[in-house]
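K.L.:
Just a sequence and a predicted model for now, questions to come.
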Amino acid sequence: MSEMWTGEKVRLRGVEAKDWECFRDLAQNTVDVRNADMVEPPRSDESFRSWTAERAGRPPGGEAFRLVVEVLDDGAFAGAVTVGETDARAGRFKTGIEISRDHRGKGYAAEATELLLTYMFAEQRHNKCEVEVYSFNDASLALYRRLGFVEEGRLRQHEFFAGSYHDVVLLGITAAEHWAGHPYPALR
């Protein structure tokens, strides 16, 4: 695997069918995904197996993709990072990250996001990355601000769950802002 996908703490890798239980646990224990607090009927293990197998069979890359965040020390599944809503003409994309409860606070989300930004800005030649974060999600807001994302707006009472409406904070970072704090990948 290329060093572009490996940091000091984590590596990003493709989804494998065997990851289904990890994705099930992640879905049950995350507060950072769009539907985390929506009340939904219980989902079967088979639906998680099918969902994961379908993603494992997809070709790499494309306009939307998901990568597993794997801990280098022990190979543990720490979460997943996604790319979506790419706009090649405008040069922008959206990203998001989910880290399992027992892997939070260890720098994995920051490093995984930085690896993804490096790929999208250096190899895919995008100019801007955008994220949407619930206004009450202080940990994610702090993460993205620490990485250099700038608040660009707020969608008031934009999402409904857990019995009330919540604001969504829009943040973005440009390639130039990213490269100001990171070395450009060198040729080997």
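P.N.:
Ah, there it is. Numbering: from 1, shown residues only.
K.L.:
Low-confidence stretches in this protein?
P.N.:
Applying pLDDT under 70 to the chain flags the ranges 1-2, 29-40, 186-188.
K.L.:
where along it do the helices fall?
P.N.:
Secondary structure of the chain (DSSP state H): helices at 20-29, 45-56, 108-118, 138-146, 175-180.
K.L.:
what's the spacing between stretch 130-139 and its chain's center?
P.N.:
How far stretch 130-139 lies from its chain's middle: 12 Å, per Cα atoms, centre = their mean, to the nearest Å.
K.L.:
and it, which residues are buried?
P.N.:
Within stretch 130-139, the residues that count as buried by 16 or more other Cβ atoms under 10 Å are E130, V131, E132, V133, Y134, N137. Just so you know, the C-beta spots here come from the backbone N, C-alpha and C atoms, and that holds for glycine as well.
K.L.:
can you give me the end-to-end distance of it?
P.N.:
Across stretch 130-139, the terminal residues are separated by 17 Å (Cα to Cα, to the nearest Å).
K.L.:
what does it rub up against?
P.N.:
Outside stretch 130-139, the residues that touch it by Cβ atoms under 8 Å, 6 or more residues apart in numbering are 31-32, 85, 92-96, 104, 140-141, 144, 149, 152, 154-155, 159, 166-172.
K.L.:
so which of the helices of the chain comes closest to G14?
P.N.:
Nearest of the helices of the chain to G14, taken as Cβ to Cβ: helix 45-56 at 7.1 Å.
K.L.:
same for the closest one, what does it pack against?
P.N.:
Using 3 or more Cβ pairs under 8 Å, 6 or more residues apart in numbering; DSSP states H and E, the elements in contact with helix 45-56 are helix 20-29.
K.L.:
outside of the helix it packs on, which residues touch it?
P.N.:
Counting by Cβ under 8 Å, 6+ apart, 33, 43, 45, 48-49, 51-53, 68, 77, 79-80, 98, 100-101 sit against helix 20-29.
K.L.:
for this protein, what spans make up the strands?
P.N.:
10-13, 65-71, 77-87, 92-99, 128-134, 150-161, 164-174 (DSSP state E).
K.L.:
For the helices of the chain, give me TSV that also has distance to H126.
P.N.:
Conversion of the helices of the chain to TSV gives the following (distance: least, Cβ to Cβ, whole Å):
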stretch	distance to H126
helix 20-29	26
helix 45-56	22
helix 108-118	9
helix 138-146	17
helix 175-180	7
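K.L.:
Looking at these, which is nearest to V10?
P.N.:
Nearest of those to V10, taken as Cβ to Cβ: helix 108-118 at 5.1 Å.
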